[in-house]
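[1] 3D, please:
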Amino acid sequence: MNPLISPTLHLAEKLIRQPSITPKDEGCQDIIAARLTPLGFTCETIISGPEQARVTNLWAIKRGNTGTQGPLLVFAGHTDVVPTGPHTQWHSDPFIPTQRDGKLYGRGAADMKTSLAAFVVAIEEFVTAHPHHAGAIALLITSDEEGPAQDGTIKVCQALQARGERLDYCIVGEPTCVNHLGDTIKNGRRGSLSGKLTVRGIQGHIAYPHLARNPIHLLAPALTELTHIQWDKGNDYFPPTSWQVSNIHGGTGASNVIPGEVIVDFNFRFSSTSTPEALKQRVYAVLDQHTLDYTIDWTLGGEPFLTEIGTLSQAITQAIQDECGIVPQCSTTGGTSDGRFIAKICPQVIEFGPPNASIHQIDEHIELASIDPLKNIYRRTLENLIT
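    Predicted coordinates:
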């Protein structure tokens, strides 16, 4: 299909025009719901979060010809986008979708408004061709994925779990591909565990070190030891767990004062072979061995999830192969996603979307030639699973 008249492109451009910076939705979900309702979807808006940062969530579901029988396939994604950065550095307005050099430019073009448009048009085509399909189709859309992610997908999942709603398969439209559309799917993600370590010493004059205890000096051997630990070996799906320091702060700003404390921010990206509690205990053991006076404030950003090769991964792999002529690689790299919440209530979660090279960058874009094939892959997956 000519991308200039593609319904998927047209819808993607309409969504990009909405400046939906986290946690704002700016009407994107209303646009999607308006397309789904005539197809027989029941659309429910779930509002969550504090008044000054309201999060909009959409749960839309269409039961198949067999009512509640048969599998439920959910498409999941987010309407919120990250801030644009300086508009002057963009070659075109980030919220005016622009076609240039075979690409569609705009904030959210790759992450992930084109995926949302492809979801909707794929469903439209599928329902038109298969009005009496078995099973059920749903969309779970949030405006709180790029932010704290406390009032978005996690809230919808909790509500669905409380109702006893059973999810069988979920496709998250995150941009997963590396070089070409179809080259990579995500069948899991690593967990994220952050810590803020405070090590206390005794502040003093730098000329009288015997009257002070420098916490930076005290911490240094332990810090070196932590950087050399092999936390685990990973497995067939996950690389070994990594531990990285992101910030170190100590001192008053004066050059003649030994600081009274040093603060270190660090993060684990951990595999399914480790647990948050086990990682914590190993950190404590090292710090205790060095007899440090310390505290750690922990934040669990998300636990790892993994979908073994099975019905869903095989269905989307076949769809990619039929559409693009390539076999995708399964990967668990990258940051966290809302898949970590959905995996709590859905046994098979796969992420698949366009190439991710430009996401969160100035001049974010997607290849025009990949827009309709992306839609076709989603439609083919529907055909593989619920016809």
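[2] switch to C-alpha atoms for all contacts and neighbour counts from now on
    OK.
[3] could you pull out the helices for the stretch 201-350 of the chain?
    All helices of the stretch 201-350 of the chain, identified by DSSP state H, counting those that start in this stretch, fall at 215-227, 276-289, 311-324, 339-342.
[4] Output the second one as CSV, restricted to C-alpha atoms.
    C-alpha atoms of helix 276-289 as CSV (Å, rounded to 0.1, in the frame of the first residue of the first chain):
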residue,chain,number,x,y,z
PRO,A,276,16.1,-8.8,44.7
GLU,A,277,16.5,-10.2,48.3
ALA,A,278,19.6,-12.2,47.4
LEU,A,279,21.2,-9.3,45.7
LYS,A,280,20.5,-7.1,48.7
GLN,A,281,22.1,-9.6,51.1
ARG,A,282,25.3,-9.8,49.1
VAL,A,283,25.6,-6.0,49.1
TYR,A,284,25.1,-6.0,52.9
ALA,A,285,27.7,-8.7,53.4
VAL,A,286,30.4,-6.7,51.6
LEU,A,287,29.6,-3.4,53.4
ASP,A,288,29.5,-5.2,56.8
GLN,A,289,32.8,-6.9,56.1
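[5] Only the buried residues of stretch 296-312, if you could.
    296, 301, 302, 303, 304, 305, 306, 307, 308, 312 (16 or more other C-alpha atoms under 10 Å).
[6] Those: which two are farthest apart?
    Using C-alpha to C-alpha, the buried residues of stretch 296-312 span at most 40.2 Å, a distance reached by 296 and 312.
[7] got the contact list for the most centrally placed residue in the chain?
    With distances taken as C-alpha atoms, centre = their mean, residue 337 lies nearest the centre of the chain, 2.2 Å away. By C-alpha atoms under 8 Å, 6 or more residues apart in numbering, the residues touching residue 337 are 145, 174, 189.
[8] and the last one, how many neighbours?
    As a burial measure, the neighbour count of residue 189 was computed by other C-alpha atoms under 10 Å and equals 29.
[9] Equivalent analysis for the first one, please.
    Taking other C-alpha under 10 Å as the neighbour definition, residue 145 ends up with a count of 25.
[10] these two touch, right, it and residue 82?
    No - Residue 145 is beyond contact range of residue 82, at 9.6 Å (criterion: C-alpha atoms under 8 Å).
[11] Next, show the common contact partners of the two.
    In contact with both residue 145 and residue 82: residue 22, using C-alpha under 8 Å, 6+ apart.
[12] May I have stretch 77-88 exported as CSV, CA atoms only?
    Extracted C-alpha coordinates of stretch 77-88, given in CSV (Å, rounded to 0.1, in the frame of the first residue of the first chain):
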residue,chain,number,x,y,z
GLY,A,77,0.9,0.1,24.8
HIS,A,78,1.1,3.7,25.9
THR,A,79,0.0,7.1,24.6
ASP,A,80,2.4,9.1,26.7
VAL,A,81,5.8,10.3,25.3
VAL,A,82,9.0,11.7,26.8
PRO,A,83,9.7,15.4,26.6
THR,A,84,10.9,16.7,23.3
GLY,A,85,14.0,18.5,24.4
PRO,A,86,14.8,21.8,22.7
HIS,A,87,12.4,22.4,19.8
THR,A,88,15.1,24.4,18.0
